[in-house]
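mind looking at a prediction? Sequence and model below.
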Amino acid sequence: MRRALNRIAPDVVHAHMAGHYADAALRSNRPAVITLHGVVFREAALALAGAALPVRLRWHLDALFERWVVRRARDVIAISPYVAQEYRPLTRARFHAIENPVADEFFAVPPAADGPLAAPRLLCVARLIPRKDILTLLDAFARVAAVWPMAQLEIAGSTTADPAYAARCREAAGQLGLMGRVHFLGDVSGPALPEAYARADIMLLTSRQETAPVAVAEAMAAGRPVVATSVGGVPFMVADGITGRLAAPGDGDGLAREVLSLLGDPGLRLAYGRAAREAAEGRFRLAGIIARTVSLYRQLVAENRPGGTA
């Protein structure tokens, strides 16, 4: 990577995540900025519980490497205030607030159906892994389905990242009597993903740790209210009582209660969706994110000219 950077001779090196690309960027002797997309040491703390020794060792090394990279960084893009909150004690780097963009296709999703719902549709966009806590999602949906027997849940996300956990989720759906009402879609991409949001009345995310989940931003752009767990950076995205509702992690009853409150009040559900899309317009539009990123590049180039200032 360092040899490639020397050959290309860029004005700025922009690396994503605190891995080996970031290390190469910092060693390049060129203006470098790092975007941190996850808080590895927080994710590691979750993954270490009950994991096999090789898995624990890998997460431990990743967390150590992350700290080493962040400590040496000069400029960090924080995709959420949560990123700055977690990393500021570990580095003297400057933090630049630039959120992740959402593709224009999600802003083009038609508004949600007006009026009472006969067969509400819920959507979760998440991989079937323990951190996303799909088991709690299924528990919450079972409580919703007891009140709304025609309700449907679609889960759009990889089922191969942790096959054993995916198998547990399918088994739990059967034990809860949800087969035929829970649809495991697997990886969904391209036009199919905005179409999934278009079918949904509410987006659910039950994770135990998140930084700035793109699924929440996509749902907001699509004008869908979000019911999510109040973990990590989620409260910086979902305005509780304005664009969605928040519940404690692992609280299937609390999550179901928030979903039911929106399903039972069509006016409130639609108001949350409109407020979510309005917030997304100002925060996640691609053109605005590009403009802020290019402005940062220009600042770094100007600061690194001999005698130059931004």
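Looks like it arrived, so ask away.

outside of the longest helix seen in the chain, which residues touch it?
What stands out as the longest helix in the chain, according to DSSP state H, is helix 53-72. With contacts defined as CB atoms under 8 Å, 6 or more residues apart in numbering, helix 53-72 is touched by 18-19, 22-23, 26, 34, 36, 40-41, 43-44, 47-48, 51, 76, 87, 90-91, 93. C-beta coordinates here come from the backbone N, C-alpha and C atoms, glycine included.

which element is residue 95 on?
Using DSSP states H and E, residue 95 maps to strand 94-97.

measure residue 114 to residue 252 for me?
29 Å (CB to CB, to the nearest Å).

quick one: which of these two has more around it?
residue 252 (20 against 10; other CB atoms under 10 Å).

excluding sequence neighbours, find me the nearest residue to the more buried one.
residue 139 (3.4 Å; CB to CB, 6 or more residues apart in numbering).

likewise residue 178?
Residue 178 sits nearest to residue 142 (CB to CB, 6+ apart), 6.1 Å away.

residues touching the one you found, list them.
176-178, 252.

who wins on neighbours among those?
Going by other CB under 10 Å, residue 252 tops those with 20 neighbours.

quick one: pLDDT of that one?
At residue 252, the pLDDT value in this model is 97.

could you report the neighbour count for residue 148?
There are 19 residues near residue 148, going by other CB under 10 Å.

what pLDDT, on average, does stretch 142-160 get?
97.

so how far is it off the chain centroid?
When distances are taken as CA atoms, centre = their mean, to the nearest Å, stretch 142-160 is centred 20 Å away from the chain's centroid.

do I have it right that residue 301 meets residue 13?
No: using CB atoms under 8 Å as the test, residue 301 is too far from residue 13 to be in contact (11.5 Å).

need the contact list for residue 161.
127-129.

same check on residue 35?
Residues near residue 35 by CB under 8 Å, 6+ apart: 14-17, 76-77, 79, 98.

so where do the strands sit in the stretch 101-250 of the chain?
For the stretch 101-250 of the chain, the strands defined by DSSP state E, counting those that start in this stretch occupy 121-125, 152-156, 182-186, 202-205, 226-229, 244-247.

how about the ones you listed in CSV, adding mean neighbour count and distance to residue 275?
Formatted as CSV, those follow (neighbours: other CB atoms under 10 Å; distance: least, CB to CB, whole Å):
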stretch, mean neighbour count, distance to residue 275
strand 121-125, 25, 18
strand 152-156, 22, 23
strand 182-186, 17, 27
strand 202-205, 26, 14
strand 226-229, 28, 11
strand 244-247, 24, 9
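
which one, of the ones you listed, ends up nearest to residue 290?
Counting by CB to CB, residue 290 lies closest to strand 121-125 out of the strands of the stretch 101-250 of the chain; the figure is 23.7 Å.

so what touches the closest one?
So strand 121-125 is contacted by 134, 137, 141, 144, 151-157, 188, 193, 196-197, 199-206, 215, 218-219, 224, 259 (CB under 8 Å, 6+ apart).

what average pLDDT does the longest helix of the chain get?
pLDDT averaged over helix 53-72 gives 89.

higher neighbour count, residue 301 and residue 13?
Each of residue 301 and residue 13 has its neighbours counted (other CB under 10 Å); residue 13 has more, 22 against 15.

which strand residues bridge that one?
residue 32 (DSSP bridges).

so who does it touch?
5, 24-25, 28, 30-33.

run the last query once more with 6 Å
By CB atoms under 6 Å, 6 or more residues apart in numbering, the contact list for residue 13 reads 25, 28, 30, 32.

pLDDT below threshold where in the stretch 101-250 of the chain?
For the stretch 101-250 of the chain, no stretch has pLDDT under 70.
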